[in-house]
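**Q** A structural model of the following input is requested.
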Amino acid sequence: MCIINLCRLTKTELVWTVLDVMSEDIVSRDTVVHSYPHDWRTKQPLITRASRQWFVDTAKLKCRALVCLTSAFFYLLCCDADA
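**A** Numbering: from 1, shown residues only. This is a model prediction of the structure:
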């Protein structure tokens, strides 16, 4: 059994410690470079953060919207009445 105080290790030390402990069980090890989104103008990385979101099921609203459209009046203000 291997007892290590993980709290005092840096991220790099922690990764190498885990790799050493699991060395017999690891089939392959490789480095992956991730492509993160960048702003096209400033070339700075975009910051993504979790936020509250809500979604509307528009399929459920379709029938009601169609009924409401039958009683709606549309006035075109941009056109000439004589045309």
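**Q** So for this protein, which residue is the most central one in space?
**A** Thr48 (7.1 Å; Cα atoms, centre = their mean).
**Q** measure the residue lying closest to that one once chain neighbours are set aside to Gln44 for me?
**A** Leaving aside its sequence neighbours, Thr48 sits nearest to Pro37 (Cβ to Cβ, 6 or more residues apart in numbering; 7.6 Å). Yep, even glycine has a C-beta here, placed from its N, CA and C like the rest. Between Pro37 and Gln44 the computed distance is 10 Å (Cβ to Cβ, to the nearest Å).
**Q** With Leu14 instead?
**A** Applying Cβ to Cβ, the value for Leu14 to Gln44 is 29 Å.
**Q** Mind checking which of those two has more residues around it?
**A** Set Leu14 next to Gln44 and count neighbours by other Cβ atoms under 10 Å: Leu14 wins out with 14 against 8.
**Q** That one and Val21, how far apart?
**A** Distance from Leu14 to Val21, by Cβ to Cβ: 11 Å.
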